[in-house]
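Engineer: sequence first, then the predicted structure:
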Amino acid sequence: MTTEMTMPRRGAGPGGLRLRAAVAAALLLARLKPGRLRKVLTGLSAGARPATYDRTLETYERVVATSRKCAGWYGCLPRSIAIALVCRMSGSWPDWHAGVRNAPPFQPHAWVAAEGRTVGEQNVSDFRPLMKVAVGGR
(Lines give C-alpha, C1' and ligand atoms only; values in the text may rest on other atoms or scores of the structure.)
Protein backbone atom coordinates (compact mmCIF):
# COMPACT_ATOMS: atom_id res chain seq x y z
CA MET A 1 0.00 0.00 0.00
CA THR A 2 1.34 3.43 -0.87
CA THR A 3 0.47 6.78 0.56
CA GLU A 4 0.67 9.93 -1.46
CA MET A 5 2.66 12.66 0.25
CA THR A 6 3.12 16.25 -0.68
CA MET A 7 5.97 18.02 1.03
CA PRO A 8 5.52 21.73 1.72
CA ARG A 9 7.77 24.09 -0.17
CA ARG A 10 10.68 25.39 1.86
CA GLY A 11 9.60 28.58 3.58
CA ALA A 12 5.99 28.09 2.52
CA GLY A 13 3.19 29.35 4.68
CA PRO A 14 2.62 32.59 6.54
CA GLY A 15 5.74 34.66 6.95
CA GLY A 16 7.88 32.54 4.61
CA LEU A 17 10.16 35.36 3.51
CA ARG A 18 10.44 36.81 7.03
CA LEU A 19 11.15 33.34 8.39
CA ARG A 20 13.95 32.76 5.87
CA ALA A 21 15.38 36.21 6.65
CA ALA A 22 15.38 35.37 10.39
CA VAL A 23 17.16 32.07 9.71
CA ALA A 24 19.76 33.85 7.56
CA ALA A 25 20.30 36.46 10.29
CA ALA A 26 20.58 33.71 12.91
CA LEU A 27 23.25 31.92 10.89
CA LEU A 28 25.27 35.16 10.86
CA LEU A 29 24.66 35.93 14.54
CA ALA A 30 25.75 32.41 15.49
CA ARG A 31 29.27 33.34 14.34
CA LEU A 32 29.61 36.09 16.96
CA LYS A 33 31.68 35.67 20.10
CA PRO A 34 29.49 34.70 23.08
CA GLY A 35 29.69 38.07 24.84
CA ARG A 36 28.78 39.98 21.71
CA LEU A 37 25.95 37.56 20.90
CA ARG A 38 24.52 38.01 24.39
CA LYS A 39 24.68 41.79 24.03
CA VAL A 40 22.87 41.69 20.67
CA LEU A 41 20.16 39.32 21.93
CA THR A 42 19.69 41.38 25.10
CA GLY A 43 19.15 44.47 22.96
CA LEU A 44 16.66 42.64 20.75
CA SER A 45 14.67 41.37 23.73
CA ALA A 46 14.12 44.87 25.14
CA GLY A 47 10.47 45.90 25.13
CA ALA A 48 9.14 42.47 24.20
CA ARG A 49 6.45 40.56 26.05
CA PRO A 50 7.08 36.98 27.23
CA ALA A 51 6.47 34.40 24.49
CA THR A 52 3.83 31.74 24.98
CA TYR A 53 4.77 28.07 24.83
CA ASP A 54 2.36 27.26 21.98
CA ARG A 55 3.53 30.15 19.80
CA THR A 56 7.18 29.32 20.46
CA LEU A 57 6.63 25.64 19.65
CA GLU A 58 4.92 26.61 16.37
CA THR A 59 7.89 28.84 15.57
CA TYR A 60 10.31 26.00 16.41
CA GLU A 61 8.52 23.71 13.95
CA ARG A 62 8.52 26.35 11.22
CA VAL A 63 12.24 27.09 11.65
CA VAL A 64 13.14 23.39 11.55
CA ALA A 65 10.98 22.87 8.44
CA THR A 66 12.62 25.83 6.71
CA SER A 67 16.30 25.17 7.41
CA ARG A 68 18.11 21.85 7.27
CA LYS A 69 21.06 23.43 9.04
CA CYS A 70 18.85 24.46 11.96
CA ALA A 71 17.11 21.08 12.07
CA GLY A 72 20.15 19.02 13.06
CA TRP A 73 21.73 18.56 16.48
CA TYR A 74 24.67 20.79 15.55
CA GLY A 75 22.26 23.50 14.42
CA CYS A 76 21.07 24.22 17.96
CA LEU A 77 22.68 27.67 18.18
CA PRO A 78 21.33 29.13 14.92
CA ARG A 79 18.00 27.35 15.53
CA SER A 80 17.56 28.88 18.98
CA ILE A 81 18.55 32.33 17.69
CA ALA A 82 16.18 32.04 14.71
CA ILE A 83 13.29 31.05 16.98
CA ALA A 84 13.98 34.05 19.21
CA LEU A 85 14.17 36.38 16.19
CA VAL A 86 10.91 35.11 14.67
CA CYS A 87 9.15 35.43 18.02
CA ARG A 88 10.52 38.97 18.33
CA MET A 89 9.01 39.86 14.97
CA SER A 90 5.61 39.28 16.57
CA GLY A 91 6.52 41.30 19.66
CA SER A 92 7.36 38.45 22.03
CA TRP A 93 10.58 36.87 23.30
CA PRO A 94 11.28 33.36 24.64
CA ASP A 95 13.97 32.70 27.22
CA TRP A 96 17.13 31.97 25.23
CA HIS A 97 19.71 29.68 26.87
CA ALA A 98 23.21 28.49 26.04
CA GLY A 99 25.03 25.98 28.19
CA VAL A 100 27.14 22.85 28.45
CA ARG A 101 26.61 19.24 29.46
CA ASN A 102 26.93 18.69 33.22
CA ALA A 103 29.18 15.63 32.88
CA PRO A 104 31.83 14.62 30.37
CA PRO A 105 32.10 14.61 27.44
CA PHE A 106 32.00 18.37 26.93
CA GLN A 107 29.09 19.34 24.73
CA PRO A 108 27.68 22.83 24.20
CA HIS A 109 23.98 23.32 23.50
CA ALA A 110 21.53 26.20 22.98
CA TRP A 111 17.76 26.13 23.43
CA VAL A 112 14.70 28.29 24.08
CA ALA A 113 12.06 28.07 26.79
CA ALA A 114 8.65 29.66 27.23
CA GLU A 115 6.33 29.69 30.20
CA GLY A 116 9.02 27.82 32.16
CA ARG A 117 9.09 24.87 29.72
CA THR A 118 11.79 23.95 27.24
CA VAL A 119 10.53 24.18 23.66
CA GLY A 120 11.21 21.43 21.13
CA GLU A 121 13.99 19.74 23.10
CA GLN A 122 13.73 16.31 24.65
CA ASN A 123 15.77 16.76 27.81
CA VAL A 124 17.97 19.68 28.74
CA SER A 125 18.28 18.76 32.42
CA ASP A 126 21.68 17.27 31.52
CA PHE A 127 22.87 20.76 30.54
CA ARG A 128 23.94 23.63 32.77
CA PRO A 129 22.91 27.05 31.43
CA LEU A 130 25.80 29.47 31.15
CA MET A 131 23.92 32.31 29.43
CA LYS A 132 20.29 33.30 29.50
CA VAL A 133 18.54 36.15 27.75
CA ALA A 134 14.97 36.63 28.94
CA VAL A 135 12.44 39.39 28.29
CA GLY A 136 14.05 42.75 28.84
CA GLY A 137 17.50 41.17 29.16
CA ARG A 138 16.88 39.65 32.59
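Structural biologist: It's in. Numbers count the residues shown, from 1 in each chain.
Engineer: report the central residue of the protein.
Structural biologist: For the chain, residue 80 is the residue whose C-alpha lies nearest the centre (C-alpha atoms, centre = their mean; 2.0 Å).
Engineer: ok, then the element right after the helix or strand bottoming out on mean pLDDT in the chain?
Structural biologist: One helix or strand of the chain scores below all others by mean pLDDT, DSSP states H and E: helix 68-71, with a mean of 88. On the C-terminal side of helix 68-71, the closest following helix or strand by DSSP states H and E is helix 76-89.
Engineer: so for that following helix, mean pLDDT?
Structural biologist: For helix 76-89, mean pLDDT is 96.
Engineer: I'd like to know which elements that helix is packed against.
Structural biologist: helix 16-29, helix 34-45, helix 53-66, helix 68-71, strand 95-101, strand 108-114 (3 or more C-beta pairs under 8 Å, 6 or more residues apart in numbering; DSSP states H and E). Any C-beta I mention is one placed from the backbone N, CA and C, and that applies to glycine too.
Engineer: picking that back up, which ones are touching the residue nearest to the residue nearest to the centre of the chain when sequence neighbours are not counted?
Structural biologist: Residue nearest to residue 80 in three dimensions, not counting chain neighbours: residue 110, with 4.2 Å by C-beta to C-beta, 6 or more residues apart in numbering. Counting by C-beta atoms under 8 Å, 6 or more residues apart in numbering, residue 110 makes contact with 76, 77, 79, 80, 81, 96, 97, 98, 99.
Engineer: give the burial count for the second one, as a bare number.
Structural biologist: Meaning residue 77. As a burial measure, residue 77 scores 20 neighbours (other C-beta atoms under 10 Å).
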